[in-house]
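# What follows is a predicted structure for the sequence shown.
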Amino acid sequence: MDNNVQWKDFYIKDIFYTFDGTNGIQTPTGSYIKKSELVDGDIPRITVRDTNNGIDSFCTSNSKDFRTYKNFISVSFLGSAFYHSYEASLDMKVHALIPKDFTLNEFIANFIIIAIRNNTVNSSYGNQLSSTDLPNLKIMLPVGKDNKINVGYMENYIKHLKKQHLSKYNVYLNETYGNIKNKKIPALNEKQWKDFYISDIFEEVQRGKRLKRANQISGDIPYISSTGINNGVDSFIGNTKNVRVFNNCLSLANSGSVGSCFYEPFEFVASDHVTHLKNQKFNKYIYLFLANQLGKLSEKYNFNREINDNRIKREKVVLPIDDSGKPDYEYMENYIKLKIKEQLQKYICSNI
């Protein structure tokens with residue numbers, strides 16, 4: 001890429017559409033709509049969450065405040081930013097950026113999103129990015145000889161990065177999963193299955209320890225609670241005393257999103273709403289297979305019927321077995337490797 005490219009600061013209001021609101025120049029935003037006025041549908045509802053492209057649900061509404069936009073960048077009052085090529089509805093405090101002089105695509109949008117996020121890292125509940133603050137936010141972008149935004153450079157730069165990443169993925173795919181093609185791996189319905197007590201599968205079955213939010217110290221240790229997203233990570237803390245620390249195991253939510261199960265390859269602190277399940281002989285592939293099976297417990301339990309310590313001792317999980325009737329861990333490992341390989345191949349092929 002060209003290292004001699006020129007850069008310039010631009011106000012958001014100079015690049016994207018704004019309007020003269022009651023409090024000054026504002027960016028278009030979403031609006032608050034009661035849950036009772038939202039019904040299941042096929043339009044993504046974008047909220048302030050920083051995961052899953054901000055999508056909280058899929059819905060529609062007859063409310064006059066149900067605002068939708070298409071081919072835009074959403075920016076929340078907390079600074080998260082995502083590109084949406086599709087029609088989407090915005091919740092309150094989520095802003096829509098639509099360019100005045102050029103059309104977005106995934107490459108141009110992702111370049112701009114990086115520039116936006118670099119300047120919104122300090123946004124928080126105490127320092128919100130309002131619809132009147134956003135127009136005056138400055139971002140640095142490349143410019144051409146005419147001193148206008150160099151859209152072509154942005155697009156080519158992101159394409160170049162993507163090509164590099166795809167090359168790395170391809171190398172990783174061949175080095176890590178190349179030999180899986182030489183193995184005959186039966187389909188799930190071709191295997192025999194059997195019930196096993198959870199306590200017989202895992203050497204360690206222990207609940208985390210209660211840690212009130214008021215006592216949490218800010219840090220970089222993942223705090224796993226009962227949320228069903230982000231691998232159960234609720235926050236990042238610095239507490240090291242009077243907590244229970246685990247690593248390389250499964251976390252199973254006892255309450256909240258009951259039955260949510262994740263493989264945790266890193267060291268983490270577990271809340272009392274989570275039980276950790278560990279077997280020193282398991283690798284990540286076996287854990288991933290088991291997490292899927294244990295996640296089916298969510299069909300049996302709910303918010304009013306939690307997985308307490310006594311219930312988990314009596315609980316069973318259905319697993320594929322070998323010729324001796326024992327859990328076929330080799331099959332579980334190879335099956336997950338095959339699925340990961342297929343997904344990587346699909347991703348690489350769809351992005352070439």
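Sure, I can see it.

# Can you give me every residue that contacts the nearest residue to N242 once chain neighbours are set aside?
Sequence neighbours aside, K209 is the residue nearest to N242 in space, at 7.0 Å (criterion: Cβ to Cβ, 6 or more residues apart in numbering). Just so you know, the C-beta spots here come from the backbone N, C-alpha and C atoms, and that holds for glycine as well. By Cβ atoms under 8 Å, 6 or more residues apart in numbering, K209 lies in contact with N242, V243, R244, A270, S271, D272.

# Could you rerun that using 6 Å?
V243, R244, D272 (Cβ atoms under 6 Å, 6 or more residues apart in numbering).

# what's it sitting at in phi/psi?
phi -120, psi 140 (degrees, to the nearest 10).

# Which pLDDT value belongs to it?
Predicted confidence (pLDDT) for K209: 94.

# Ok, L297 next?
For L297, the pLDDT comes out at 87.

# Could you confirm it falls within a strand?
No - applying DSSP: H, G, I helix; E, B strand; the rest coil, one finds L297 to be helix, outside a strand.

# Tell me how many other residues surround it.
21 (other Cβ atoms under 10 Å).

# thinking again about what came up before, want to try JSON lines for the contacts of K209, with secondary structure and distance to K145 as columns?
Compiled in JSON lines, those are given as follows (DSSP: H, G, I helix; E, B strand; the rest coil; distance: Cβ to Cβ, whole Å):
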{"residue": "V243", "secondary structure": "coil", "distance to K145": "58"}
{"residue": "R244", "secondary structure": "coil", "distance to K145": "61"}
{"residue": "D272", "secondary structure": "coil", "distance to K145": "62"}
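
# Can I get the buried ones among the residues you listed as something I can paste into ChimeraX?
Remark: buried members of the contacts of K209, expressed as a ChimeraX selection using 16 or more other Cβ atoms under 10 Å:
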select :243,244
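
# Who's the closest spatial neighbour of I229, skipping the chain neighbours?
T51 (6.2 Å).

# Report the secondary structure state of K13.
helix.

# Okay, strands next: where are they in the stretch 201-350 of the chain?
204-207, 218-224, 233-237, 245-246, 249-253, 261-264, 268-270, 274-278, 316-320 (DSSP state E, counting those that start in this stretch).

# Please name every helix or strand in contact with the third one.
In terms of contacts (3 or more Cβ pairs under 6 Å, 6 or more residues apart in numbering; DSSP states H and E), strand 233-237 is packed against strand 218-224.

# quick one: contacts of stretch 324-340?
Taking Cβ under 6 Å, 6+ apart as the rule, stretch 324-340 contacts Y177, I180, K183, I185, Y285, I286, L288, F289, L319, P320, I321, D322.

# Only whichever of those residues are buried, select them in ChimeraX.
The buried subset of the contacts of stretch 324-340, as determined by 16+ other Cβ under 10 Å, is captured in ChimeraX by this line:
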select :177,285,286,288,289,319,320,321
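
# Rebuild the contacts of stretch 324-340 as TSV, extending it with distance to I43 and pLDDT.
Converted to TSV, those look like this (distance: Cβ to Cβ, whole Å; pLDDT from 0 to 100):
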residue	distance to I43	pLDDT
Y177	37	88
I180	39	81
K183	43	74
I185	39	90
Y285	37	97
I286	39	98
L288	32	97
F289	35	98
L319	40	97
P320	40	97
I321	45	97
D322	48	95
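
# ok, so of the contacts of stretch 324-340, who is nearest D42?
Relative to D42, the closest of those is L288; by Cβ to Cβ it sits at 30.2 Å.

# need the helices for the stretch 51-200 of the chain, in chain order.
With DSSP state H, counting those that start in this stretch applied, the stretch 51-200 of the chain shows helices at 106-118, 151-177, 198-201, listed in chain order.

# May I see the buried residues of the shortest one?
Across helix 198-201, burial judged by 16+ other Cβ under 10 Å covers I198, I201.

# mind checking how far that helix is from the chain centre?
30 Å (Cα atoms, centre = their mean, to the nearest Å).

# cool, and the first one?
Here helix 106-118 is found 18 Å from its chain centre; the criterion is Cα atoms, centre = their mean.

# that older thread, what would the helices of the stretch 51-200 of the chain look like in TSV with distance to D42?
Shown next, in TSV, are those (distance: least, Cβ to Cβ, whole Å):
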stretch	distance to D42
helix 106-118	21
helix 151-177	28
helix 198-201	38
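
# Of all these, which one is nearest N136?
Closest of the helices of the stretch 51-200 of the chain to N136 is helix 106-118, at 13.2 Å (criterion: Cβ to Cβ).
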